Every structure is written in structure tokens, then in C-alpha cells.
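Enquirer: Got a sequence here, can you build the structure:
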Amino acid sequence: MIVTVFRGYTRKDLNPQLLQQVEQRGVRMYELASNMPGFISYKEFQAADGESVAIVEFATLEQVRAWHDQPEHREELSDAGAIGEEEGATAIRHDRSDPASQRRAT
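Expert: So this is what the prediction gives:
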């Protein structure tokens, strides 16, 4: 299993219209991810200061890469800063049957 952590910040000065766009785009990214082969789960957490963390699980690194390369997802990654989001992601391989197999993926 591959766990990808997306950490983002939504600017505090974001107008309500743009905030609604950010939320709609998040819903769309979930729809896309959940229909990709190997998708396991998605969880999102929001802090009061505007920081958010999303945890996305896929079965294999190849499936994470396919998600990363999905055209609409690529567009979202490049557009995030334009509407007030700053984001980064880290993928970590985790085999539940072998805790020693954890390693950082690129």
C-alpha cells in the first residue's frame, strides 16, 4: 500500500467565491481518485488556521503514479496556487504485513 499525504494551506484572505471553488475542486479530485485503479481510501483533516491534510491510499506505487499523471489531476496541481492554495505531497510505501518495508517513495 502507498500512502500519499497532501498538506495544504488556504489563504485567510480568500474571498468566499474562491473558497467555494477550492471546496468544489477538492470534491472533484476525490471523485477522480476514487475511480482510479488501486484506490483504497481518502481522509481529509482541517485545522482552524487554514492548514489541511489529506491522506490518500493506493495499492501500488504504479497506481499512485497513474493518479499523479491523470490529466485533470495534473492541471489541478498546477492551478492550486492561483486560487489561494499552497500544497505539497509525500508518498510513503507501507506494507502492512511487513513494517520494516516502510520507505519514502518518489
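Enquirer: how about the helices in the chain?
Expert: Ranges of helices within the chain are 16-34, 61-69, 71-79, based on DSSP state H.
Enquirer: would you put the C-alpha positions of the longest one in CSV?
Expert: Provided in CSV are the C-alpha atoms of helix 16-34 (Å, rounded to 0.1, in the frame of the first residue of the first chain):
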residue,chain,number,x,y,z
PRO,A,16,-16.0,33.3,-0.3
GLN,A,17,-16.4,32.6,-4.0
LEU,A,18,-12.8,31.3,-4.3
LEU,A,19,-13.2,29.3,-1.2
GLN,A,20,-16.2,27.6,-2.7
GLN,A,21,-14.1,26.9,-5.8
VAL,A,22,-11.4,25.3,-3.6
GLU,A,23,-14.0,23.1,-2.0
GLN,A,24,-15.5,22.1,-5.3
ARG,A,25,-12.1,21.2,-6.7
GLY,A,26,-11.5,19.0,-3.7
VAL,A,27,-14.7,17.1,-4.3
ARG,A,28,-13.8,16.7,-7.9
MET,A,29,-10.3,15.4,-7.1
TYR,A,30,-11.9,12.8,-4.7
GLU,A,31,-14.3,11.7,-7.5
LEU,A,32,-11.3,11.2,-9.9
ALA,A,33,-9.1,9.5,-7.3
SER,A,34,-11.8,7.1,-6.1
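Enquirer: can you put the helices of the chain in CSV and add distance to residue 4?
Expert: (Each C-beta comes from the backbone N, C-alpha and C, glycine too.) Below are the helices of the chain laid out as CSV (distance: least, Cβ to Cβ, whole Å):
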stretch, distance to residue 4
helix 16-34, 10
helix 61-69, 6
helix 71-79, 12
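Enquirer: okay, those helices, which one's buried deepest?
Expert: A comparison of these by mean neighbour count, using mean count of other Cβ atoms under 10 Å, puts helix 61-69 on top with a mean of 16.
Enquirer: Let me see the mean pLDDT of that one.
Expert: For helix 61-69, mean pLDDT is 89.
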